[in-house]
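Student: quick one, fold the following:
(2 chains)
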Number of protein chains: 2
Amino acid sequence: MSISAMKKATLSGESYKIMIEENEIPTHWYNILADMKVQPNPTLQPENRQPVTRDYYADLYPQGCIEQEFSTERWIEIPEEVRNIYKIWRPTPLVRAHRLEQALQTDCRIYFKNEGVSPAGSHKTNSAIPQIYYAARDGVKKVVTETGAGQWGSAVAFAAQMYNLDCEVFMVRGPYNQKPSRRQMMQLWGAHVTASPSELTAVGRNQLAENPNSKGSLGTAISESIEYASQDKDIQYVIGSVQNFVLLHQTVIGQECLKQFEKIDEYPDVVVAPLGGGANFAGICFPIMRDLILGKTKTRFVASEPLTCPKLSEGEFRYDYGDVGKKTPLFAMYTLGHDFMPVPNHLVGLRYHGAGPIISQLAKEGHIDAMSHDQKECLQAGILFAKTEGLIPAPESTHAIASVIREVNRAKQEGKSKTILFNLCGHGLLDLFAYDDYLNGKVS
Amino acid sequence: MSISAMKKATLSGESYKIMIEENEIPTHWYNILADMKVQPNPTLQPENRQPVTRDYYADLYPQGCIEQEFSTERWIEIPEEVRNIYKIWRPTPLVRAHRLEQALQTDCRIYFKNEGVSPAGSHKTNSAIPQIYYAARDGVKKVVTETGAGQWGSAVAFAAQMYNLDCEVFMVRGPYNQKPSRRQMMQLWGAHVTASPSELTAVGRNQLAENPNSKGSLGTAISESIEYASQDKDIQYVIGSVQNFVLLHQTVIGQECLKQFEKIDEYPDVVVAPLGGGANFAGICFPIMRDLILGKTKTRFVASEPLTCPKLSEGEFRYDYGDVGKKTPLFAMYTLGHDFMPVPNHLVGLRYHGAGPIISQLAKEGHIDAMSHDQKECLQAGILFAKTEGLIPAPESTHAIASVIREVNRAKQEGKSKTILFNLCGHGLLDLFAYDDYLNGKVS
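Tutor: Residues are numbered from 1 along each chain as shown, chains lettered A, B, ... in the order given. Prediction:
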């Protein structure tokens, strides 16, 4: 390669990472309920279809989280004990994707927020830490949760270790056996991990009686966790998405982005995030969507989903359970049905059947555009990103990259140069098998 | 837990990460040869035991690296095209290990430099990038290297992708089959990975003829790589450690540490780094050792080695080959013998038989203290670190943590409070199996 070609390939002296200091970690979470013109439909008790109350949740969630679930205060203070743990990995870098731009031959300026730098490798720690902090404050001895491939479970195991609580994780049996990395990670942080379905709960025992070889499902693992927690008041259940307070905790992401953009005097025209239950999407979008709601900006918000789990694109807006076992209350949301199962060879995450009530309400009002992608498109986008920016994205995050590529093409057609921000919600170092399957022609 | 106990556990508002800006990435590498009172013995051609020349290396290394190998200039400029790629992950954080200090009940202030934030997960990219830049500048089309568990190979695959060169990696057959993660990572970045011994070289074919089930060794993979490169002038061999220029490239680490310590008005009393071939050790130590050589400070430098590969602690200082196949020149170094093989169940890396000539000379002069640790001590130290600081260290890095723990005890005995710095040279996300083996009682 000639020196000039190399100079071009390695780009100019422009900066990549827009960093802010530890003392700029947000001091408050942003509660979008305070600014929404129309509030989401209330979450209902399945027994009598009455709105859930603080009392209803009392046995399920930590006291601090329950307060937040019902709060309409705009800014909710982040406890110092939580911010001190956030400092392990926050503020996360906002990064200009110069090389991706070059590969896409676009005038658009593409930025990503790198949430993959957390110890557990994803944004999930942003909520695991406060939930377990509030659980510890309530005096419980142990937390329990469910996990599929292990992303949420590892965030919980890390958080439990930080606050010296015991931790039990019900991990879907398929990945428990076949993808041991995150199980090993949880165990390293001191968690006890049980393959679900298990003999520890009635839900699990029933499933095993029906099918002793069951590989499990996330819905079953949720039901087992909730049942396990209900057996002992010293055990606290924690949850990775959907609930208002989980979305709230994630808003540190978008707030940091705003400070980082301010530092370089820019503002995003488009914000893209993967959509699972809604937590990482809310985290990066809500603080920026506030400006849209207040009429200050016209930013477009894109929710990226798998074609095989297209809850916003093709789901129905109605009341539905959050889990297969109907242990959760009824949420007003876009859903594919609480018994929805993605195709068995689904590699790319985001397989939850519904979008949290706040997300669903905002989508209903037209504030969110959904975009869905098949696995090949996602993994191709992930490989392009890894080959240009060097970082290996989590399969979940590849959806956002696929959407960004479409947004870039759209801008080209419109003859516009836009500032596009997306959430790199996690790294893919423990998901290399997904890329390997694709590269070996095993992805259909 | 009470709130006060939790406040204590999560610590005060002190900062954790000492960050510097992208424009503070060093502009020059530091060449310690310029300050060494006694130069290392010359590296010799095995054929006639005459000192190697630029011509001798001409077919082996890129031109830019050869110049650096023989240079005694103190500061060698880092090309802009290299610094621009460094920006992907540099400057790396210097982190105060508050929670580890607390767990060790020490007054010492412990800091670590987190080189695990690079895309390939270790310090190795610091040299892979310039080596492949110089190779590209020489006009070659392809680079080749060897790798054991894949840490160096993945750094090379990443670097080759950044400069658009083809990449061939000979990976030791054992980990190629049993530890697929880093192989998948290299392939994702576009490298071609071949299990060694292979049919592609005479060295490989001979070994396979002798033992068709050979699991290979790093020494064999080095020999195969060098032979493969020698077959075609468009193919360039690159090397992960030992040579002066590799150690040189790593000195960005220590220079950044000095700037970061300056920012908080501190200076290390002790610097600890794992010792493989010497690259990461040199990287963090040399810029700080300069002050020692100039008589400005009395910092102590500790090289942490495996008890099963104790080249500084128990090796002999003499001329030896860098590889099993005797393809390299003869280096004056502490060595366990070029045909040394660590025990088969060795899990924790750092299994190279010798320490680069500069390191060896400095050790001979008493500037470096060696400390060796068995696998259990290392993995226990790694688990303590993961449970306190949250980050999961590479097995190589756990040696440094084990040494830090001993240094803390020493300080306690001396009644002193010291500032201790260590190199967290890589993360262990792709080495979780080692911790798993330990936790399951499989480590002897």
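Student: tell me the average confidence for the helix or strand hosting residue A:280?
Tutor: Take DSSP states H and E as the rule and residue A:280 turns out to sit in helix A:279-293. Helix A:279-293 carries an average pLDDT of 97.
Student: residues of that helix that come out buried?
Tutor: A:279-290, A:292-293 (16 or more other Cβ atoms under 10 Å in any protein chain shown). (Glycine included, C-beta is placed from N, CA and C.)
Student: roughly how far does the closest residue to residue A:42 other than its chain neighbours sit from residue A:332?
Tutor: Ranked by Cβ to Cβ, 6 or more residues apart in numbering or on different chains and with sequence neighbours excluded, the top spatial neighbour of residue A:42 is residue A:51, at 3.8 Å. Distance from residue A:51 to residue A:332, counting by Cβ to Cβ, to the nearest Å: 11 Å.
Student: overlap of the contact sets of the two?
Tutor: Common contacts of residue A:51 and residue A:332, defined by Cβ atoms under 8 Å, 6 or more residues apart in numbering or on different chains, comprise A:42, A:43.
Student: so for the two, which residue has more residues nearby?
Tutor: residue A:332 (19 against 13; other Cβ atoms under 10 Å in any protein chain shown).
Student: domains in chain A, by residue range?
Tutor: Per the record, chain A has its domains at A:3-25+A:89-122+A:251-439, A:54-70+A:124-244, by automatic domain parsing.
Student: which helix or strand contains the residue in the stretch 151-300 of chain A that chain B sits nearest to?
Tutor: With Cβ to the nearest Cβ, the shortest gap between the stretch 151-300 of chain A and chain B falls at residue A:184, namely 3.9 Å. Residue A:184 is part of helix A:180-188, with elements assigned from DSSP H and E.
Student: roughly how far is the very next helix or strand once past that helix from the heart of the chain?
Tutor: Once helix A:180-188 ends, the next helix or strand along the chain (criterion: DSSP H and E) is strand A:192-196. Offset of strand A:192-196 from its chain centre (Cα atoms, centre = their mean, to the nearest Å): 22 Å.
Student: next: stretch A:283-294.
Tutor: 17 Å.
Student: and the contacts of that stretch?
Tutor: So stretch A:283-294 is contacted by A:30, A:32, A:35-37, A:113, A:123, A:126, A:247, A:249-255, A:257-258, A:268, A:271, A:273, A:297-299, A:301, A:362, A:367-368, A:421-423 (Cβ under 8 Å, 6+ apart).
Student: just the CA trace of it, in CSV.
Tutor: Below are the C-alpha coordinates for stretch A:283-294, written out as CSV (Å, rounded to 0.1, in the frame of the first residue of the first chain):
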residue,chain,number,x,y,z
GLY,A,283,-31.4,4.5,28.0
ILE,A,284,-29.9,6.1,25.0
CYS,A,285,-33.1,7.7,23.6
PHE,A,286,-35.2,9.1,26.4
PRO,A,287,-32.9,12.0,27.5
ILE,A,288,-32.7,13.0,23.8
MET,A,289,-36.4,12.4,23.1
ARG,A,290,-37.1,14.9,25.8
ASP,A,291,-36.0,17.6,23.5
LEU,A,292,-38.3,16.2,20.8
ILE,A,293,-41.3,16.1,23.1
LEU,A,294,-40.5,19.7,24.2
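Student: what about the spatially closest residue to residue A:111 that is not a sequence neighbour, distance to chain B?
Tutor: Leaving out its chain neighbours, the residue that sits closest to residue A:111 by Cβ to Cβ, 6+ apart is residue A:421, at 4.8 Å. Going from residue A:421 to chain B by Cβ to the nearest Cβ, to the nearest Å gives 19 Å.
Student: quick one: mean pLDDT for whichever helix or strand residue A:421 is part of?
Tutor: Residue A:421 belongs to strand A:419-424 when elements are defined using DSSP H and E. For strand A:419-424, mean pLDDT rounds to 98.
Student: give me the contacts around stretch A:250-265.
Tutor: A:18-20, A:24-26, A:29-32, A:78, A:86, A:90-92, A:94, A:111, A:113, A:115, A:123, A:126-127, A:267-268, A:279-280, A:282-288, A:421, A:423.
Student: need the buried ones from the residues you listed selected in PyMOL.
Tutor: This is how PyMOL selects the buried members of the contacts of stretch A:250-265, with burial counted by 16+ other Cβ under 10 Å:
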select buried, chain A and resi 18+19+20+25+26+29+30+31+32+78+86+90+91+92+94+111+113+115+123+126+127+267+268+279+280+282+283+284+285+286+287+288+421+423
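Student: residues contacting the closest residue to residue A:362 other than its chain neighbours?
Tutor: Take residue A:362 and drop its neighbours on the chain: the residue closest to it by Cβ to Cβ, 6+ apart is residue A:368, 5.5 Å away. Applying Cβ under 8 Å, 6+ apart, we find residue A:368 in contact with A:285, A:301, A:302, A:303, A:312, A:359, A:362.
Student: just those residues: which are in helices?
Tutor: Among the contacts of residue A:368, the residues falling in helices (DSSP state H) are A:285, A:312, A:359, A:362.
Student: nearest to chain B among these?
Tutor: Taking Cβ to the nearest Cβ as the measure, chain B lies nearest residue A:285 of the ones in helices among the contacts of residue A:368, at 26.0 Å.
Student: where neighbours are concerned, which of the ones in helices among the contacts of residue A:368 has the most?
Tutor: That'd be residue A:285 among those, by other Cβ under 10 Å, with 33 neighbours.
Student: and it, how far is that from residue A:274?
Tutor: Counting by Cβ to Cβ, the gap from residue A:285 to residue A:274 is 11 Å.
Student: if we can go back for a sec, given the strand holding residue A:421, what are its sheet partners and their directions?
Tutor: strand A:109-114 (parallel), strand A:270-274 (parallel) (DSSP bridges).
Student: could those strands go into TSV alongside mean pLDDT?
Tutor: Putting the strands paired with strand A:419-424 into TSV (pLDDT from 0 to 100) gives the following:
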stretch	mean pLDDT
strand A:109-114	98
strand A:270-274	98
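Student: so who does the closest residue to the residue of the stretch 151-300 of chain A closest to chain B other than its chain neighbours touch?
Tutor: Closest residue in space to residue A:184, ignoring its immediate chain neighbours: residue B:432 at 3.9 Å, by Cβ to Cβ, 6+ apart. With contacts defined as Cβ under 8 Å, 6+ apart, residue B:432 is in contact with A:180, A:181, A:184, A:185, A:188, B:392.
Student: do that again at 6 Å, thanks
Tutor: Contacts for residue B:432 (Cβ atoms under 6 Å, 6 or more residues apart in numbering or on different chains) come out as A:181, A:184, A:185.
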